[in-house]
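Engineer: The following block contains a protein sequence and its predicted model.
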Amino acid sequence: MVKRAIEKAKALVAAMEYIRLFRGKIVVVKLGGSVLDDLNLRKKLLTDVVFMATVGIQPVLVHGGGKAITKAMNESGLEPQWVNGRRYTDERAMAIVEHVLVHDMNASICETIKHLGCDAMGMHSLSSCVLFAEPLRYTDSQGRKIDLGLVGEVKTVNSTLLKTLCASGTIPVIAPVAIDRAGGKLNVNADSAAGKVAAAIEAEKFVSVSDTNGILKDINDTDSGIESATEAEIKQMIESGVINEGMLPKVEACLLALDGGVKKAHIIDGRIQHSLLLEIYTEEGVGTQIVK
């Protein structure tokens, strides 16, 4: 029993340097993938976020909810339509998107954080929205414009409000529903929104937490993980096809953050116990670190 207590004390002392280093700094955490659907796993991750806040880090959360939206659409008889990897969103689909992201996902995350002992505020289209976007339009190879409906691209972020909340000890929890110039609502990609939030508020770190253990050199070899890479190396891997499909939005969000001045970006597996704390408070870390 004493031996176990000593080991715990050693771990705390080892973390002290990192606690001191990141005290008062903003860290943006993007939550996505199956870690959102597993309520037990989600609570464990949010416990780590509350620990960060307790020892002086100022966390900002951005969450997705794609799987829950697809499930809700199927239950309502709507078949999701995809265009270039983006969900086509009409008025009926937008109502489902907003309900799932705001009433189900965002409210639940805020409630859990408060239950764990920290204050949290939901930032979304039915409250204090901090994401402002313009409709996203694609142009195909023949020059034709492709309409995605009520899908947007984040152009500006209310960084002042987010920094004020962080300084007051409140954890902002951002749902990826934005407002356009006319006051309408737009469905925005959670990954890119998180990257732009990190850049706008000059975060110290950006961490994408999902159900994938960082970037793999070989997608078929789980032991081929890349611990650290530069922005140039990442772009080369995108061009060569090593990074594609589901990993691409996460990597692009990291690049958005780095281009905006964030020092380091990380992609980690939220299914690993305390992966978020290991990435921030230990030398080894987990997943993949991307630097400028």
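Structural biologist: Nice, thanks for sending it over. Residues are numbered from 1 along each chain as shown.

Engineer: Quick one: residues in contact with the lowest-mean-pLDDT helix or strand in the chain.
Structural biologist: Each helix and strand of the chain was given a mean pLDDT (mean pLDDT, DSSP states H and E); the minimum falls on strand 86-87 at a mean of 72. Residues outside strand 86-87 that contact it (CB atoms under 8 Å, 6 or more residues apart in numbering) are 66, 69, 80-81, 93, 97, 136, 148, 151, 187, 189. (Glycine included, C-beta is placed from N, CA and C.)

Engineer: Kindly recompute the last result at 7 Å.
Structural biologist: 80, 148, 151, 187 (CB atoms under 7 Å, 6 or more residues apart in numbering).

Engineer: Next: stretch 252-263.
Structural biologist: 30, 191-192, 194-196, 198-200, 202-206, 208, 231, 234, 265, 267, 290, 292.

Engineer: Please save the CA atoms from it in CSV.
Structural biologist: Output in CSV follows, covering the C-alpha atoms of stretch 252-263 (Å, rounded to 0.1, in the frame of the first residue of the first chain):
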residue,chain,number,x,y,z
GLU,A,252,-6.0,19.3,-42.0
ALA,A,253,-7.4,20.7,-38.7
CYS,A,254,-3.9,20.3,-37.2
LEU,A,255,-2.4,22.2,-40.1
LEU,A,256,-5.0,25.0,-39.7
ALA,A,257,-4.1,25.4,-36.1
LEU,A,258,-0.3,25.4,-36.8
ASP,A,259,-0.7,27.9,-39.6
GLY,A,260,-2.6,30.1,-37.1
GLY,A,261,0.3,30.1,-34.7
VAL,A,262,-0.5,27.1,-32.4
LYS,A,263,2.9,25.6,-31.4
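
Engineer: Give the buried residues for that stretch.
Structural biologist: 252-258, 260, 262 (16 or more other CB atoms under 10 Å).

Engineer: on that earlier part again, out of the contacts of stretch 252-263, which are inside helices?
Structural biologist: Mapping the contacts of stretch 252-263 onto helices (DSSP state H) picks out 191-192, 194-196, 198-200, 231, 234.

Engineer: Buried members of the contacts of stretch 252-263 into PyMOL, please.
Structural biologist: Buried members of those can be picked out in PyMOL with the line below, counting by 16+ other CB under 10 Å:
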select buried, resi 30+191+192+194+195+196+198+199+200+203+204+205+206+208+234+265+267+290
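
Engineer: Could you give the separation of stretch 126-144 from the chain centroid?
Structural biologist: How far stretch 126-144 lies from its chain's middle: 19 Å, per CA atoms, centre = their mean, to the nearest Å.

Engineer: what's in contact with that stretch?
Structural biologist: By CB under 7 Å, 6+ apart, stretch 126-144 touches 83-84, 102, 123, 145-148, 151-158, 161-162, 174, 178-180, 186, 188, 193.

Engineer: With that, I have no additional questions.
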